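1. Below are the sequence and a predicted model; questions follow.
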Amino acid sequence: MITELLYYIFIFPLEQVLEVVLHNILKIIPSYGTSIILLSLVVNLFLLKIFLYTDKKAQQEADLKEKLDKRVKSWKSVYKRAKLYAFTQTLYRQHNYHPIYALRSLGGLALQIPFFFAMYEIINKAEYLQSVRFLWIDDLSKPDSIMLFGLSIHILPLLMTAFTLINVFYSSKELGARVQGSLIALLFLVLLYNMPSALVLYWTCNMAFALFKEIFKHKKHSSLSNHSQDCVSLEAVITTKVTPAPKSTQNSQSNTAITRMCESADRVGVECQVSNVSNLNQDTRIADSTTDSKITQTPNQNLYKLIQYIIISLSFMICVSSPYALYVTDLNAFALETIPPTLAALFGFFILTSFMLIYIISFVNHNSRIFIFILWLIAWIFLALMLLGVSYGFVLRGDYGVMSHFFFEKSIGIDSKHEIIDGIMIASCFVVALLLLIFKVTKYIIQACKIFLAIVIVNATFSLAMAVNYTAERDKAQNLVTDKATKKTQILDFAKEHNNILVLILDRSDGYVVHDLFKENENLKTSFKGFIDFTNALSTSGLTLPTLTSIIAGKYYTALNINARNINDGLANEIARGYASTLNTFENAGYAVSSTLDFPTDEVHLYPLLKNTNTNVFDTTDLQNIYVEKYLGGVKTDEMPVRQLISYGLFRSATYVIRKGIYRRGVWLFSKQGVVSMSSLRGVAELNVLAKETTIEATKPTFKFIHNSITHNPYGLDSACMINPREIASPQDNVYGVSEGHYNSEKCAWQWVAQILERLQELGVYDNTEIFITADHGAQSKFLPAQTNFHIPLFYKPLHSKGEMKQDSRIITNYDIPALFCKNLKEGCPNIDSITLDSIPHKRRLQLMIMGGGWNLESQNKNSFKASKLYIFDGSDIYDEKAWQVQEAELNK
């Protein structure tokens, strides 16, 4: 677990960036081998400044070690064991040296390791490298090899090792350093010898560039005069930071010890050039030099420090705070195992973004006037961006309706009002930023940035705590699955010798749109043999939360009836009781019960109440895998919504006009072209597998409850019913007043439902299967007189019903369905009064509700639903305007 989190924090973000760079290079130079070489060059050039810095520090440490080793060596003939150790430690302490500092020479290599692992992941997943030739390499996805003396020899690893060893012996004269470098070279030879040649090519180029860098450095300094070894060593010691003597008595004691030691050494003829006075003078010079440096660099450093805090604050808000806040509002929508990696990856992108921006700006952090001006200009721009980000992120948030699965309910529209606001805000923020810098209040701005950063960190911490708690609860609920080896695709198994009950809920399927689809496609009707099409079907509300429980547990669990009962242990528990009541009742009656479940219930609340937790599943990965492997050719899915979350963070910090470029019809700025969203894939996969993979393996009566979200956003189907997230829009979306992408999904869904019915007919189980197909609520509010989305499709096939599909205009609701399927049980279902088909009335009085707050449980009262508006329908035609009225008087009763 820890290793996985470290990967997602430090490697995964880097992997994504390198992959983008590689593919952009490929657009210019369509050669995979050349592109990998150029990628290595880009990485090395980008990190060159850090490489030079680590080389410089390593050289300083080496020079200092050489100087100190000479002294220690001279003392070995005088002192032994404890005394020698004490004097040696005192000497090291005085010069702020530790033997472990010798590892600083590995700094450049250590910096390359994350890039190495990132490239390993890229190449390991790169199916496009298979069978790709480059130079003598036949396949970049496999080790390169040539036949020599009857043996298969891998050339690249040997070439890589040669470059490394040449570099080691060229750049270092010390035996210890050469041995260390040689061992590292041999280690990489062993590790990479059988690795894909693309990876070895990348690392070989790194070693070659490192060698060229050393050669260039050597040539650059060859024209300079060579100082004596003593001067070089002395300079290395002088430039090393030491602890000023006056700050503690410890330094004085150390100096005294050194003096005594030197005197002893002098007595035996060993020369020692360090004295107490020289140490004090050296400390004074360094302290004075440091003070002068701080005085001359203060204005410049303050600007650089300000930019650092702004970058860190903005990056944290965009990559962590805003995405975390959104992510935890709908954790049920994501697979449990993806939650920790997603949160870790977001934090990793924050670290990477901050580092890259600060590192790039460090190139202009110098004291010349032109660089100071450039740094000041950068500070001005970043400060203005900070002001804009805070203003739009916390105040000018915009009204885009409810977001579900990264899909806004309302489209992103830009008018002149938004453009004027953007213009005023941009001008104001840049002017304010300019004034703040002119009046030289940098230190106060830095303090403000610190406060803001603390606020967003606290906010992100709360979100993280919610995610951790939710994950723990989900883990606990998963442990309630008594037999994890149970077949998870039992939902596909029907009984040929017994009756079957199939309840299919198409989330957000619209009654008006569906009936038009049947008019346009007469062939659909031929698949619905024996069905009754209820043309006047209504839902009791316009959202999933207040409606779906009543579809499985009856009128007793409508939102208004739950409110009337004054429950005291929370809506989540009451909803779970509704589901469990029906599922357990059929289980106890001897039925093979299976279901695919979704919001508004979850494992945490439902599983403790269920008799059978094995085949009532929330995770339909098994069904999705069947679809992906058999019908999509193993297409990869975007399981972790990191790109969408970062896009959302950027969206929240951007102006209105820029937001339209970040989000477009459910497709986000950083989303991959053609990648299938897990949320849209689930609904498509479930219906397709039901249409093609159902069996007759059940040995007892079956009850199946399927909550499918193919007709709910995020949509992913084009007009040809192919998964194509960027081509989901249809002109019919505007005609019906539905979200972009809904019409195509609706059309495809009902075509696949028809295939499910045809499959059941082929298997010979259609006649003995009672089928209900409906929705929790509709999609459009354009045509119903109440201007709501209460109109739903409701199709019912009784057992052994035959003939052409008939239309029935009687008034029915989706909460009537349990009253029909529970009549199959002798004792019926708890809290449900069974009805017959003949008892459904032509005229009916119904009380319906528009739910207030948001779509999720957290936005409701703990023990009741919020109601923003109540409707009374009293009539025989849902499109009769006179049958509708608003019941304001009873709204808050």
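-> Perfect, I can see it now. Numbering: from 1, shown residues only.
2. I'd assumed residue 471 was in contact with residue 340.
-> Yes - using CB atoms under 8 Å, residue 340 is in contact with residue 471, at 6.7 Å. No exception for glycine: its C-beta is placed from N, CA and C like everyone else's.
3. And residue 604, what's its pLDDT?
-> On the pLDDT scale, residue 604 is placed at 91.
4. per-domain residue ranges of this protein.
-> Taking automatic domain parsing as the domain assignment, the ranges for the chain are 2-218+227-274, 294-478, 490-636+675-890.
5. Pull the contacting residues for residue 848.
-> Residue 848 is in contact with 538, 539, 540, 541, 786, 788, 790, 870, 871, 872, 873, counting by CB atoms under 8 Å, 6 or more residues apart in numbering.
6. If we use 6 Å, what do you get?
-> 540, 790, 871 (CB atoms under 6 Å, 6 or more residues apart in numbering).
7. Equivalent analysis for residue 322, please.
-> Shown in contact with residue 322 (CB under 6 Å, 6+ apart): 649, 652.
8. Check which helix or strand it maps to.
-> Taking DSSP states H and E as the definition, one finds residue 322 inside helix 322-327.
9. Now do that helix: distance to the chain's middle.
-> Averaging C-alpha positions (CA atoms, centre = their mean, to the nearest Å) puts helix 322-327 10 Å from its chain's average.
10. Output that helix as CSV, nothing but the C-alphas.
-> Extracted as CSV, the C-alpha positions of helix 322-327 are listed here (Å, rounded to 0.1, in the frame of the first residue of the first chain):
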residue,chain,number,x,y,z
SER,A,322,-10.7,22.0,-5.4
PRO,A,323,-10.4,18.5,-6.8
TYR,A,324,-10.5,16.9,-3.3
ALA,A,325,-13.7,18.9,-2.4
LEU,A,326,-15.4,17.8,-5.6
TYR,A,327,-14.2,14.2,-5.4
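11. which residues of the stretch 451-600 of the chain fall in helices?
-> Using DSSP state H, counting those that start in this stretch, the helices found in the stretch 451-600 of the chain span residues 511-520, 523-527, 548-553, 559-565, 571-588.
12. what's the closest of those helices to residue 72?
-> Of all the helices of the stretch 451-600 of the chain, it is helix 571-588 that lies closest to residue 72, at 70.2 Å by CB to CB.
13. List of residues touching that closest one?
-> With CB under 6 Å, 6+ apart as the criterion, helix 571-588 contacts 549, 552-553, 557, 562, 567, 593, 600-601, 605-606, 609-612, 616, 703, 829-830, 857.
14. In ChimeraX, select just the buried ones from these.
-> Typed into ChimeraX, the line below selects the buried ones among the contacts of helix 571-588, using 16 or more other CB atoms under 10 Å:
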select :549,552,553,557,562,593,600,601,605,606,609,610,612,616,703,829,857
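15. Which of the contacts of helix 571-588 fall in strands?
-> Among these, the members falling in strands are 593, 616, 703 (criterion: DSSP state E).
16. thinking again about what came up before, comparing the helices of the stretch 451-600 of the chain, which comes out most buried?
-> Mean neighbours per residue, mean count of other CB atoms under 10 Å, is largest over those for helix 548-553, with a mean of 27.
17. packing partners for it?
-> Taking 3 or more CB pairs under 6 Å, 6 or more residues apart in numbering; DSSP states H and E as contact, the helices and strands that helix 548-553 lies on are helix 571-588.
18. And the average pLDDT for the helix it packs on is what?
-> Helix 571-588 comes out with an average pLDDT of 97.
19. Also stretch 128-136?
-> Here the average pLDDT along stretch 128-136 is 82.
20. how about low-confidence regions in the stretch 651-800 of the chain?
-> 665-666, 672-679 (pLDDT under 70).
21. which stretches of it form helices?
-> Under the criterion DSSP H, counting those that start in this stretch, the stretch 651-800 of the chain contains helices at 656-662, 678-693, 731-736, 742-763.
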